[in-house]
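[1] Next come a sequence and a model predicted from it.
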Amino acid sequence: MSSPMSDDEQRQKENIRSLIMSGHVGFESLPDQLVNRSIQQGFCFNILCVGETGIGKSTLMDTLFNTNFEDQESSHFYSNVRLEAQTYELQESNVQLTLTIVNTVGFGDQINKEDSYQPIVDYIDAQFEAYLQEELKIKRSLFNYHDSRVHVCLYFISPTGHSLKTLDLLTMKSLDSRVNIIPVIAKADAISKTELQKFKIKLMSELVSNGVQIYQFPTDDESIAKINAAMNLVIYTLVRDVIDVMVSFQGQLPFAVVGSMDEVKVGNKMVKARQYPWGIVQVENEAHCDFVKLREMLLCTNLEDLREQTHVRHYELYRRRKLGAMGFADVGPGKQPRSLQETYEAKRHEFYGERQRKEEEMKHMFVQRVKEKEAVLKEAEREASTLMWCDLHLSFRCPVNLGY
């Protein structure tokens, strides 16, 4: 296996010269320009919450963004799954965020759950399709386009302490090539710490054995590599064609979370917590749950990477499949590079050829049917002539008595 080329080797191969400037020019301010432009434009972030009704999706969203989205309580008696998207404008300091929260209403409530995940798949694909159609327009407005593509899917798992449900596996397997999946154990205060740790190991083992690809926190940036590496807990080793899952106890996936907007006095300060007869579960206490880690990894550290992965990985996969189904390809029959213009001309030639072939078929069919109709008419004419001559013959042989 060849080793990757160094920067100097890459420049030499591309015939790029490195020069030293003798004074100040000014393009060192480009990062500042980008920051200012980004702040003026604002940012968008779209979250898909998948989980059963009443599992705590809305409460966790309120707690994550420290606000009340005033989401209506859902019923358990919907006949099918439907997705509801709500968009909000949030501002922190001078940064404006357009946040869209997509909720799966009625997920897992039906007796027949066979197709419960299909509306979710259709919704994600519909957002990709809308972006692709905007991208393919002659007069595009991507600068002002409201990007509705889903950047992350928070998949809420019931704290059963046993294993994943079949519906959970089928849904995540259907979504992992379309969206960044971050699994979370909802209402994690329902089971003990020992049971919770065993449950995490069991969940990750099932995800790996079933080939479900969850979001891996990036480690290529040195500033966040250490904290992200601690979150990526699964190490794969192949031993005798069997995948063994070794779980690092420093890792946190799936995040075990507790959400609450209620404030309880603990000591001399008020904290967000859930109060029970046996004690208090503090939402932002890392000894009680992983809420702080989830918020840090989702919003503070990797929000931009989630947006980038959505565009360069999931959307590009959808775009490639869609254009491939339409007949577009980067290479021609001889494995030679083919431009979009060449592909278009080839498709147009193919279309005209197909249309001409169908026209010839229709002409041939028309002529054939005309001939068949003429044959039927001629046969009917012959029969009519025969009957007429028979009538004339009979009239001559049997003259009518006129009474003379």
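    Okay, I see it. Numbers count the residues shown, from 1 in each chain.

[2] Please enumerate the helices of the protein.
    7-13, 30-41, 57-65, 118-136, 166-175, 193-209, 222-231, 291-295, 303-309, 316-325, 340-397 (DSSP state H).

[3] and the last one, what's its mean pLDDT?
    Going back to what we said before, that points to helix 340-397. On average, the pLDDT along helix 340-397 is 81.

[4] the inter-axis angle of that helix versus helix 316-325?
    40 degrees (axes from the mean of the first three to the mean of the last three CA atoms, to 10 degrees).

[5] mind checking how far the closest residue to K200 other than its chain neighbours is from C300?
    Spatial nearest neighbour of K200, excluding adjacent residues (CB to CB, 6 or more residues apart in numbering): P254 at 6.1 Å. C-beta here means a position set from N, CA and C on the backbone, and glycine is covered the same way. Taking CB to CB, to the nearest Å as the criterion, P254 is separated from C300 by 19 Å.

[6] With Y78 instead?
    Y78 is 35 Å from C300, by CB to CB.

[7] So between these two, which is more surrounded?
    More crowded of Y78 and C300, by other CB atoms under 10 Å: Y78, with 14 against 11.

[8] So the more buried one is in contact with V105, correct?
    Yes - if you go by CB atoms under 8 Å, Y78 and V105 touch, sitting 6.3 Å apart.

[9] ok, G353 - contacts?
    Applying CB atoms under 8 Å, 6 or more residues apart in numbering to G353 gives no contacts.

[10] actually K139, not the one I wrote
    Applying CB under 8 Å, 6+ apart to K139 gives no contacts.

[11] And for the one 10 residues further on?
    Applying CB under 8 Å, 6+ apart, we find R149 in contact with N46, I124, Q127, F128, Y131, T310, H311, H314, Y315.

[12] Against G353, how distant is the closest residue to the fourth one other than its chain neighbours?
    Spatial nearest neighbour of F128, chain neighbours left out: Y318 (4.3 Å); criterion: CB to CB, 6+ apart. For Y318, the distance to G353 (CB to CB) stands at 30 Å.

[13] and F65, how many neighbours?
    For F65, the neighbour count with other CB under 10 Å is 18.

[14] Name the nearest residue to it, sequence neighbours excluded.
    Here the nearest residue to F65 in space, its sequence neighbours aside, is L90; by CB to CB, 6+ apart that works out to 6.5 Å.

[15] Repeat that for D147.
    Distance criterion CB to CB, 6+ apart; nearest residue to D147, sequence neighbours excluded, is C44 at 5.4 Å.

[16] pLDDT value on the residue nearest to F65, please?
    So, for L90, pLDDT stands at 93.

[17] for M5, same thing?
    Listed pLDDT for M5 reads 58.

[18] which residues touch Y145?
    By CB under 8 Å, 6+ apart, the residues touching Y145 are Y131, E134.

[19] For it, give its distance to E135.
    Applying CB to CB to Y145 and E135 gives a distance of 9 Å.

[20] do the same with M61
    Counting by CB to CB, the gap from M61 to E135 is 30 Å.

[21] The two: which is more packed in?
    Of the pair M61 and E135, M61 is the one with more neighbours under other CB under 10 Å, namely 22 against 12.

[22] List the residues that contact that one.
    M61 sits next to I47, C49, F69, D71, I101, G259 when contact means CB under 8 Å, 6+ apart.

[23] If we use 6 Å, what do you get?
    I101 (CB atoms under 6 Å, 6 or more residues apart in numbering).

[24] before we move on, what about E263?
    M270, K272.

[25] Show me what it is bridged to.
    K272 (DSSP bridges).

[26] E92 too?
    Beta-bridge partners of E92, as defined by DSSP bridges: V95.

[27] So what's the residue count around the closest residue to L299 other than its chain neighbours?
    In space, L299 comes closest to L64 once its chain neighbours are excluded; the distance is 7.1 Å by CB to CB, 6+ apart. L64 has 19 neighbouring residues, counting by other CB under 10 Å.

[28] now swap in Q197 and tell me
    With other CB under 10 Å as criterion, Q197 counts 14.

[29] any idea how far Y117 is from it?
    28 Å.

[30] I185 touches A256, doesn't it?
    Yes - taking CB atoms under 6 Å as the definition, I185 is a contact partner of A256 at 4.4 Å.

[31] how much space between the closest residue to T98 other than its chain neighbours and L97?
    Counting by CB to CB, 6+ apart, C44 is the residue found nearest to T98 once chain neighbours are left out, at 4.3 Å. From C44 across to L97, the span is 7 Å (CB to CB).

[32] quick revisit: from what I can see the residue nearest to T98 touches N144, true?
    No - applying CB under 6 Å as the test, C44 and N144 come out as separate, 11.7 Å apart.

[33] The two: who's more crowded?
    Between C44 and N144, counting by other CB under 10 Å, C44 is the more crowded of the two (18 against 7).

[34] so what pLDDT did the more buried one get?
    93.

[35] For it, give its distance to L298.
    Taken as CB to CB, the span from C44 to L298 is 15 Å.

[36] V184: neighbour count?
    By other CB under 10 Å, 25 other residues sit near V184.

[37] same deal with D125?
    13.

[38] do you know how far it is from F45?
    The value you get for D125 to F45, if CB to CB is used, is 20 Å.

[39] for N80, same thing?
    N80 is 28 Å from F45, by CB to CB.

[40] neighbour count winner among the two?
    F45 (19 against 14).

[41] ok now do that one, which residues does it touch?
    Shown in contact with F45 (CB under 6 Å, 6+ apart): L99, H151.

[42] beta partners of it?
    So, taking DSSP bridges as the rule, F45 has L99 as bridge partners.

[43] And for the one 5 residues further on?
    Partner residues in beta bridges with V50: Y155, with DSSP bridges as the criterion.

[44] That one against L154, yeah?
    No - with contact defined as CB under 6 Å, V50 and L154 do not form a contacting pair (7.2 Å).

[45] Looking at the two, which has the bigger crowd around it?
    Between V50 and L154, counted using other CB under 10 Å, V50 has the larger neighbour count: 28 against 24.
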